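**Student:** need the 3D shape of this:
(chains A, B and C)
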Amino acid sequence: MLQEEINSSSQEESELFGDLTAPQRQAVRTTEGPLLVLAGAGSGKTRVITRRIAYLIRQGVPPWSILAVTFTNKAAAEMRERVLHVLGHDPRQTRGLTVTTFHSLCARLLRRYAEAAGLKPEFSIYDSADQATLAKRVIAELQLSTSNWPPRSVLSAISSAKNDLLDAEEFAARAHDFYSRTVAKIYQGYQKALRLAGAVDFDDLLVLTAKLLKGNEQVRRECNERWRYLLIDEYQDTNHAQFVIASLIAGNGEEGRPPNICVVGDPDQAIYGWRGADIENILEFEKSYPGTNVITLGENFRSTAPILSAADRLIRNNTRRKHKDLFTSRQGGDRVEVTLTRDENHEASLVVDWLKSVKDERDGSPTSLTWREMAVFYRTNSLSRVIEDALRSAGIPYTIARGTAFYDREEVKTAVAYLRLVANASDDVSLGRVVNTPTRGIGATTFRKIEEHALRHGTPVLQAMRNAGQILDVAGRGAAAVGKFVEMIDEWTGSGTFMGASVSATLAELVSRIIRDSGLEAMYRAQAKASGSDADMERLDNLDELVSSARQFEMEFDAMADPASQTHDEDGLARPDDSTPPLLAMLRAYLESIALVADADAVDASQGAVTLMTLHAAKGLEFKAVAIIGLEEGQLPHSRARESIEQLEEERRLCFVGITRAMRRLLMTSSRYRTMRGIPERTIPSRFLDELPREVTVFSDQAEVTGGLEDFIERGEGPGTRFEPEGEFAPRDSKRAKLAWSSSSAKNAAFPVGAIVRHPQFGEGEIVTITAGANARATIRFRGVGTKTLVLEYARLTRVR
DNA sequence: TTGCGATCCCTTTTT
DNA sequence: GGGATCGCAA
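**Tutor:** Alright, predicted model coming up:
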């Protein structure tokens, strides 16, 4: 404490600003009023945000009056950690600081102000599977067929309505054609079913919060008063609902001054248009807050010049774009490698070889790369499988950034459904999932009868089950089974009170008890015993893992820091709310944390493994070496995105995001053939490859290079083995372009494409293609002997001319 | 009521 | 190629 007072302000200055550029400093210092920071890729955005928060606190702004919104929980946790670091690891300095995602923030506000929002505080958060289950039921109740009204597409229409803050009634009022009128009906039924189940979907979190803030002055005032400094990261990916929430929380500012709201984003990295994100939000921001300060951060501190130049040239092809110069003062760096492969297996093995070579190349040197510094990106999740297989068989450790993967496991989902039912007795979707898992004699017929009864009376299904014996024509056997089930639930919850001697004391205890008492564990144990398969053993492990995760959560959970269960005194200090049993409060928070995990949350650099993820999940991250696979028309740009210029440009931005993640090495592959739903299809290289500047890329066509000897001899002229540029990718003079690309490889300058060489055995031949790297191979067309592929190092070639 | 096998449909990206 | 769903047999 004393030490801090001794600190001279100049010392603080250099701590906070010493390593910042002028625009970065300005972004940190401009704390008052609306501020828009246009931060180019790799421009030190995170650093600026972190310093800004630290600076505010140093200036005497109470930490609890600062709200920072990030895109993922992971980013939020990291930001909090970094702020703490800058402030010298004194936890008192960040007490009450809120760093969170929009969805978490909303979930917490809705829990805290549940009554005002028209919800019960134990509301469940439905994921897309739950949503589909519910939508299906609603569609069936409306006597519509799910083949004419596929739940997923109806849900996506509902979702975009919600992102524009259109509720079911407003949507219905605007629906004029048959299709949208029907969707409106489903929308209304779906919302009713959600509320009946005491559940909200992801979009509801935003919609209901916006509604709450708009309609309830007291709540709005409380938020305005608490959070005086608002900071929003990845602003280019916020949608209308999020914008409204942000402005409502920011309020009107004090004493006629505009509110202190700072948004940070990069229009070139807007990749969530399909989710309702609107680049226009940035324009809207300046309109809503006249006199907004705008600061542009253009200098890149992440990537080498060739990588940056590739990214810059690519993104220049977007027409609907405000150009922003990307520049670096760094010199040198390896060129971007662009490689054409035969099929996805070939591509995978090539990527694996590349990763290995990148690792070896730098081994022993001070700049040696480790697995954790490498990543593989792809457009669609389905592309990960082949890469995974290749990495596994090569013995390279890898992790996939799929945050939800664990909770998507059948056994984990079932266990979580029990927990949700325990927390929220109205949760019919969860009830439906667990009622007969493991089988306990409550079959489909019995359950349907109960469901119908519940529907008629407008009660939750579990409620109807309590009366099953008397009211329904459920057979005695069924009624007994139902009675036993209800009894089991009551036993866990203390009949809903979460009090009493028989109720678990801790969350982990509750989870493990439910897994045991429900018979889930016994069921999977029996299965594992019967099959003896690893997969079934793994299920048991996963259930154990769930208990561990609950224990972990319990340790980290800080009731005082949970905005959902606290109120604030005048001075902003938290006071715990004691009307909720602690176990229930913790269970709610735990389930919420499970519901809101993001894929990117699973990125864990400490694992020492190569990270695999979609381009979307890669946003905000950086790696020393990056491989992007599947650069083909239909894949990237995706076939579903080719309809409009807007969509195509979003695909280009996606590619841009991928490229700009790479710090030192970048490989982009395109496969000549790709197996789609079991059928190998010929592909066309992505137009984006053609947009990369030749002078910073090394192109290599490995599509002709094959593994086995007989595979490549005399294969040169066969169909599909040659690279023939097509469509957009084909330059006017493809031969010359190819030559230019190939010969740009400095390493193989001795044997450029077109050179005539002599081989001791095969005689004279012409170099057709050549690849880069340590194991460079050349495809050579020999006179009379045919085309062969040879590894340069061993081929004993001499150049003739 | 349960469990297994055949058939159908699919395919973007995610909080 | 694979996951989900449906239908049928025990």
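
**Student:** helices along the stretch 551-700 of chain A, start to end?
**Tutor:** For the stretch 551-700 of chain A, the helices defined by DSSP state H, counting those that start in this stretch cover A:582-595, A:645-659, A:687-690.

**Student:** measure how far the last one is from the centre of its chain, please.
**Tutor:** So the one you mean is helix A:687-690. Counting by Cα atoms, centre = their mean, to the nearest Å, helix A:687-690 is centred 25 Å from the centre of its parent chain.

**Student:** which parts of that helix are buried?
**Tutor:** Neighbour counts over helix A:687-690 (16 or more other Cβ atoms under 10 Å) mark A:687-690 as buried. Just so you know, the C-beta spots here come from the backbone N, C-alpha and C atoms, and that holds for glycine as well.

**Student:** picking up where we left off before, of all the helices of the stretch 551-700 of chain A, which one is nearest DNA strand C?
**Tutor:** Among these, helix A:582-595 comes nearest to DNA strand C, with 18.2 Å by Cβ to the nearest atom of the strand.

**Student:** any idea which residue of the stretch 451-600 of chain A lies closest to DNA strand B?
**Tutor:** For the stretch 451-600 of chain A, Cβ to the nearest atom of the strand, closest residue to DNA strand B: A:A598, 2.6 Å.

**Student:** mind checking how far the spatially closest residue to that residue that is not a sequence neighbour is from A:A508?
**Tutor:** Nearest residue to A:A598 in three dimensions, chain neighbours excluded: A:T72, at 4.4 Å (Cβ to Cβ, 6 or more residues apart in numbering). Separation of A:T72 from A:A508 (Cβ to Cβ, to the nearest Å) stands at 26 Å.

**Student:** who has more neighbours out of the two?
**Tutor:** A:T72 (25 against 20; other Cβ atoms under 10 Å).

**Student:** wait, what's in contact with the nearest residue in space to A:T675 that is not next to it in sequence?
**Tutor:** Excluding its sequence neighbours, the residue lying closest to A:T675 (Cβ to Cβ, 6+ apart) is A:E344, at 6.2 Å. The contact partners of A:E344, taken as Cβ atoms under 8 Å, 6 or more residues apart in numbering, are A:383, A:386, A:671, A:673-675.

**Student:** ok, A:T493 next?
**Tutor:** A:422, A:425, A:503.

**Student:** burial measure for A:E141, as a count.
**Tutor:** 12.

**Student:** could you do the one 10 residues further on as well?
**Tutor:** By the criterion of other Cβ under 10 Å, A:P151 has 20 neighbours.

**Student:** what pLDDT does it get?
**Tutor:** As predicted, A:P151 sits at a pLDDT of 85.

**Student:** and it, how close does it get to DNA strand C?
**Tutor:** A:P151 sits at a distance of 9 Å from DNA strand C (criterion: Cβ to the nearest atom of the strand, to the nearest Å).

**Student:** now for that residue: which residues touch it?
**Tutor:** Per Cβ under 8 Å, 6+ apart, neighbours of A:P151: A:131-132, A:135-136, A:139.

**Student:** what helix or strand is the one residue in the stretch 51-200 of chain A that gets nearest to DNA strand B located in?
**Tutor:** Closest residue of the stretch 51-200 of chain A to DNA strand B, Cβ to the nearest atom of the strand: A:H103 (3.6 Å). Using DSSP states H and E, A:H103 sits in helix A:102-112.

**Student:** just checking, what packs against that helix?
**Tutor:** strand A:66-70, helix A:202-215, helix A:240-250, helix A:582-595 (3 or more Cβ pairs under 8 Å, 6 or more residues apart in numbering; DSSP states H and E).

**Student:** mind checking the SS state of A:V503?
**Tutor:** coil (DSSP: H, G, I helix; E, B strand; the rest coil).

**Student:** how many other residues sit next to it?
**Tutor:** 19.

**Student:** go on, A:R220?
**Tutor:** Residues near A:R220, counting by other Cβ under 10 Å: 16.

**Student:** please identify the helix or strand for it.
**Tutor:** Applying DSSP H and E, one finds A:R220 within helix A:217-226.

**Student:** measure A:S504 to A:S512 for me?
**Tutor:** 8 Å.

**Student:** neighbour count: the two, which is higher?
**Tutor:** Shown here are A:S504 and A:S512; by other Cβ under 10 Å, A:S512 has more neighbours (21 against 18).

**Student:** apart from its neighbours in sequence, what residue is nearest the more buried one?
**Tutor:** A:V547 (4.6 Å).

**Student:** so A:P460 touches A:A425, yeah?
**Tutor:** Yes. With contact defined as Cβ atoms under 8 Å, A:P460 reaches A:A425; the gap is 6.2 Å.

**Student:** interface residues of the stretch 251-400 of chain A facing DNA strand B?
**Tutor:** A:271, A:274-275, A:379-382 (Cβ under 7 Å from any atom of the strand).

**Student:** just the element for the residue nearest to A:S512, please.
**Tutor:** Assigned by DSSP H and E, A:V547 falls in helix A:534-556.

**Student:** outside of that helix, which residues touch it?
**Tutor:** So helix A:534-556 is contacted by A:406, A:409-412, A:415-416, A:506-508, A:510-512, A:515, A:520-521, A:524-525, A:527-528, A:586, A:589-590, A:593 (Cβ under 8 Å, 6+ apart).

**Student:** in helices, which of those residues appear?
**Tutor:** A:406, A:410-412, A:415-416, A:507-508, A:510-512, A:515, A:520-521, A:524-525, A:527-528, A:586, A:589-590, A:593 (DSSP state H).

**Student:** okay, now the unreliable bits of the stretch 451-600 of chain A?
**Tutor:** Applying pLDDT under 70 to the stretch 451-600 of chain A flags the ranges A:470-476, A:558-578.

**Student:** for it, what lies in contact range of DNA strand B?
**Tutor:** Residues of the stretch 451-600 of chain A lying near DNA strand B (Cβ under 7 Å from any atom of the strand): A:478, A:596-600.
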